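> I'd like to go over a predicted model; first the sequence, then the structure.
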Amino acid sequence: MSDTVNSETVMVRDFRCNGCGTPLKIPKNSKGHVKCPSCKTECVIQGLVKNSEIAAKENINSGLPLSVDSATLHRKLVSSLCDCAALPLDVFEKAEVVREERYCIPAYIFYCNGTASYTYDKGVDRTQTYTVDLGNRVETRDKTHTDWQPVSSNVSITKTIFAPGEKKMASDISLLCKGDDEKITRNLVDIEELEFPHDVVTYDYNLPQPVAFTDYVQPIVDDLLKEKAKNSLVGKVRNFSMGGANIQKEITRVFIGLYRIVYTYEGKEYDVRVLGDGSFYTYNRPVDEQRQKTIDEKKRAIASVPANNLKKMIIGVVIGAIGAVISFLIGLNAGLGGWIALGVFALLITLLSIKIPSVNKAGRERDEQRAKAKEELNEFENRLPNIVKQFKEQKKALRGIYEQECTGNSNAFPQ
């Protein structure tokens, strides 16, 4: 059976017999060959045939199925739209979801144990006491210097990392799996239980394992080792240097299910990518250039307002007063010098005090100008959240292939 939303948008959900058109169930482990119970025609599902052949050839024993429902896919799509300050305000009215593409992508899982050495100089402060002859008295002073000592140590990490096994979809796997490798591993199912829809597009392994490791895995392990080593450093450090990583690894090959949800706005296609476990990222989305320009201009207007210098001036007066008193006390032994120092500081403080009222007035004006600019920016930016809130409350799905199934369904909208 086909779900037809309009004359131009069709999403096929069921597989039908090539001979008589009877809807067919695809049993597990069919390997892409299904016999019609009505006319006995053997139907070949190319994507699943290729899937089975690759699984046998590459010794694949698990994978991430395409088991995300339409409500979740619609919710992920809406979430990707909401996360854009310069989104066109009419996108929820005019966008139309036109296709749901499903892919089976080969990948590697690297179970890595990485170790590396690192060196640095550790600084230890030493205090040295010495005397200074001032003529009429001898003064004791302290001098601090830093002794630098070479130090070497080791760091290790354990990390599960997904790497693409196919060149064309490499960026998708890298972006979607980055940081969530352990979570995705927990969601893998055994090959005997792994099911993909009949319209899945299956890719071959064409990215060699050594290349996948060098290009996608090793840089991640190197960065993690370096980060952990740097986080262990305390005190004064200089000349930090990492040695080459030694990475012990176990490797398995898996299938990764990926959805590509395609929608149109103002005649252009955009899409969001969703993994079989629901992880997603936005590939591209509509942007209102004029709206983005206005936001940038308003942010620049806020940044251009000079700071209120009243607090700095008051702090300067206080510090000056304290300095004047200290200078006077120190200068008493020098006779007239102490009074001169006190007089200079008193004059400076007087001049600063005279300026405080004008600085205070200018500061208030700048604060008001900045507050007004921020209010204008918030008012402009809040137009989109208000539209998003109204869209969620109405629970009317985006036009297109999910419209009938997801309208009114709370699970199809972000909370």
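Happy to help now that I have it.

> only C-alpha atoms for contact and neighbour calcs from this point on.
Noted.

> in stretch 220-229, what counts as buried?
For stretch 220-229, the buried set under the neighbour-count rule, 16 or more other C-alpha atoms under 10 Å, comprises 220, 221, 222, 224, 225, 226, 229.

> which ones are touching the fifth one?
The one in question is residue 225. The contact partners of residue 225, taken as C-alpha atoms under 8 Å, 6 or more residues apart in numbering, are 114, 115, 116, 155, 156, 157.

> for these, which one is nearest residue 96?
Of all the contacts of residue 225, residue 157 has the smallest distance to residue 96: 45.7 Å, by C-alpha to C-alpha.

> what's the burial count for that closest one?
When neighbours are defined as other C-alpha atoms under 10 Å, residue 157 has 15 of them.

> can you tell me how far it sits from residue 116?
Per C-alpha to C-alpha, to the nearest Å, residue 157 is found 9 Å from residue 116.

> for the spatially most distant residue from the centre of the chain, grab phi and psi.
Summary for the chain: using C-alpha atoms, centre = their mean, the residue whose C-alpha lies farthest from the chain's mean C-alpha position is residue 136, with a distance of 66.8 Å. When read as degrees, to the nearest 10, the backbone of residue 136 gives phi -90, psi 0.

> nearest to residue 414 among the buried residues of stretch 220-229?
Out of the buried residues of stretch 220-229, the member with the shortest distance to residue 414 (by C-alpha to C-alpha) is residue 220, at 31.8 Å.

> part of a strand, is that closest one?
No: under DSSP: H, G, I helix; E, B strand; the rest coil, residue 220 falls outside any strand and is assigned helix.

> sorry, back to before: OK, contacts around the residue farthest from the centre of the chain?
Residue 136 touches nothing, counting by C-alpha under 8 Å, 6+ apart.

> how close does it sit to residue 142?
Counting by C-alpha to C-alpha, the separation of residue 136 from residue 142 is 20 Å.

> show me the shaky parts of this protein.
Scanning the chain for pLDDT under 70 picks out 1-13, 29, 179-180, 308-363.

> show me where it has helices.
When assigned using DSSP state H, the helices of the chain occupy the ranges 46-57, 70-82, 91-94, 170-177, 181-186, 209-212, 218-231, 289-304, 310-331, 336-381, 383-394, 403-406.

> if you count contacts, what does the third one end up packed against?
Looking back up the chat, that one is helix 91-94. Contacting helix 91-94 under the criterion 3 or more C-alpha pairs under 8 Å, 6 or more residues apart in numbering; DSSP states H and E is no other helix or strand.

> tell me the buried residues in it?
Along helix 91-94, these residues count as buried under the neighbour rule (16+ other C-alpha under 10 Å): 91, 92.

> next one: it to chain centre, how far?
A distance of 26 Å separates the centroid of the chain from that of helix 91-94, by C-alpha atoms, centre = their mean, to the nearest Å.

> touching that helix from outside, list them.
Taking C-alpha under 8 Å, 6+ apart as the criterion, the residues outside helix 91-94 that touch it are 265, 266, 391, 398, 399.

> wait, isn't the fourth one in contact with residue 81?
The one in question is residue 398. No: the pair residue 398 and residue 81 does not pass the contact test of C-alpha atoms under 8 Å, sitting 11.3 Å apart.

> centre of the chain versus stretch 213-222, how much separation?
Taking C-alpha atoms, centre = their mean, one finds stretch 213-222 lying 19 Å from the centre of the chain it belongs to.

> now swap in stretch 366-376 and tell me
Centre to centre, stretch against its chain (C-alpha atoms, centre = their mean), the figure for stretch 366-376 is 31 Å.

> repeat for stretch 119-139
Using C-alpha atoms, centre = their mean, the distance between the centre of stretch 119-139 and that of its chain works out at 49 Å.

> and it, which residues are buried?
Going by neighbour count (16+ other C-alpha under 10 Å), the buried part of stretch 119-139 is 119, 120, 121, 122, 123.

> quick check: the fourth one vs residue 151, distance?
Just to be clear, that refers to residue 122. With distances defined as C-alpha to C-alpha, the gap from residue 122 to residue 151 amounts to 7 Å.

> same question, residue 129
From residue 129 over to residue 151 (counting by C-alpha to C-alpha), the distance is 28 Å.

> check residue 39 too.
Taking C-alpha to C-alpha as the criterion, residue 39 is separated from residue 151 by 78 Å.

> can you check residue 411 too?
For residue 411, the distance to residue 151 (C-alpha to C-alpha) stands at 56 Å.

> how about residue 63?
Distance of residue 63 to residue 151, given as C-alpha to C-alpha: 45 Å.

> compare those two and say which is more crowded by neighbours.
Using other C-alpha under 10 Å as the criterion, residue 63 and residue 151 rank with residue 63 on top: 28 against 12.

> now the more buried one: closest residue in space that isn't a chain neighbour?
Across the structure, with C-alpha to C-alpha, 6 or more residues apart in numbering as the measure, the residue nearest residue 63 apart from its sequence neighbours is residue 255 (4.4 Å).

> residue 60 is in contact with that neighbour, correct?
Yes: taking contacts as C-alpha under 8 Å, residue 255 lies within contact range of residue 60: 7.4 Å.

> and these two? Which one has more around it.
In this comparison of residue 255 against residue 60, neighbours counted by other C-alpha under 10 Å, the higher total goes to residue 255 at 27 against 19.

> mind listing what that one touches?
Contacts here follow C-alpha under 8 Å, 6+ apart; on that basis residue 255 touches 60, 62, 63, 64, 104, 105, 106, 107.
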